[in-house]
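Participant: Mind looking at a prediction? Sequence and model below.
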Amino acid sequence: SSTGSPSRSFSSFNNNNMSEKKIAVEEGEEGVADIPQPVDVQYCENCTLPLEYCDYSGQTDKCYALLKESNEELFNELHGNVSVGEAVAEKKQKKPRGKAGKAAKQKINADKHITVKRTKRGKKKFATSISGIKSFDLDLKKTSKMISSRFAASSSIVGEDEVQVTGDITHEIEDFLTSKFKDVITYDDITIILKDKK
């Protein structure tokens, strides 16, 4: 009958799958094909979101308080052995929210930046200038001496926040600064500009 046809079709498809799995095992593959296992998702009784998303509910303090009261062991597993207030404060510090937090972060990044420029002097001579060192609260004179010693080149301070070095050390200075001041300067903080005068 027409109503029985879909069942027979499904049964045939299911048997084919089982045969393929059986062949795979007989051919020496380890075990049967992986079958996705259901994930046990635990939901917050306050905001009804999964526990991992309570931070985005706008009711984080209430969510944390309820979880600690109802299942302190799970709370400690997710947030550590701390109070509700400490857990909420830690999340706020790690995730600045809103336009104000984003703007402040952009301002900090904009204020702290190093620019390395290479200029050509004559046919085969170059000079390298490094500006923005003081924006990372580094001593300009000491840094200039370090650079001069490291690259065996003469260096001088030009203006309020610029060190000029003889020779082309544009790419080497990048590695030097990020290594010497690794807790302060990263590769993202440095821009290299190659400018050749004809």
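Facilitator: Here it is on my side, so go on.

Participant: Next one, pLDDT for residue 167 please.
Facilitator: At residue 167, the predicted lDDT confidence score is 91.

Participant: for the one 10 residues further on, same thing?
Facilitator: You'll see residue 177 listed with a pLDDT of 93.

Participant: how about it, what does it touch?
Facilitator: Contacts were defined as C-beta atoms under 8 Å, 6 or more residues apart in numbering; by that measure residue 177 touches 114, 185, 190. The way it works is simple: take the backbone N, C-alpha and C, and place the C-beta from them, glycine included.

Participant: contacting residues for the last one?
Facilitator: The contact partners of residue 190, taken as C-beta under 8 Å, 6+ apart, are 113-116, 174, 177-178.

Participant: Got a quick PyMOL command for the buried subset of the residues you listed?
Facilitator: Per 16 or more other C-beta atoms under 10 Å, the buried members of the contacts of residue 190 correspond to this PyMOL selection:
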select buried, resi 114+116+174+177+178
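
Participant: among the contacts of residue 190, which are in helices?
Facilitator: Using DSSP state H, the members of the contacts of residue 190 that fall within helices are 174, 177-178.

Participant: From residue 137, how far off is residue 128?
Facilitator: Distance of residue 128 to residue 137, computed by C-beta to C-beta, to the nearest Å: 22 Å.

Participant: my bad, residue 130
Facilitator: When distance is defined by C-beta to C-beta, residue 130 is 16 Å away from residue 137.

Participant: Mind checking which of the two has more residues around it?
Facilitator: More neighbours surround residue 130 than the other of residue 130 and residue 137, with 26 against 8 (other C-beta atoms under 10 Å).

Participant: and the closest residue to that one other than its chain neighbours, how far is that from residue 129?
Facilitator: On the basis of C-beta to C-beta, 6 or more residues apart in numbering, the spatially nearest residue to residue 130 that is not a chain neighbour turns out to be residue 163, at 4.8 Å. In this structure, residue 163 and residue 129 are 7 Å apart, going by C-beta to C-beta.

Participant: In terms of neighbours, single out the busier of these two.
Facilitator: Set side by side, residue 163 and residue 129 give different neighbour counts by other C-beta under 10 Å, the larger being at residue 163 (24 against 19).
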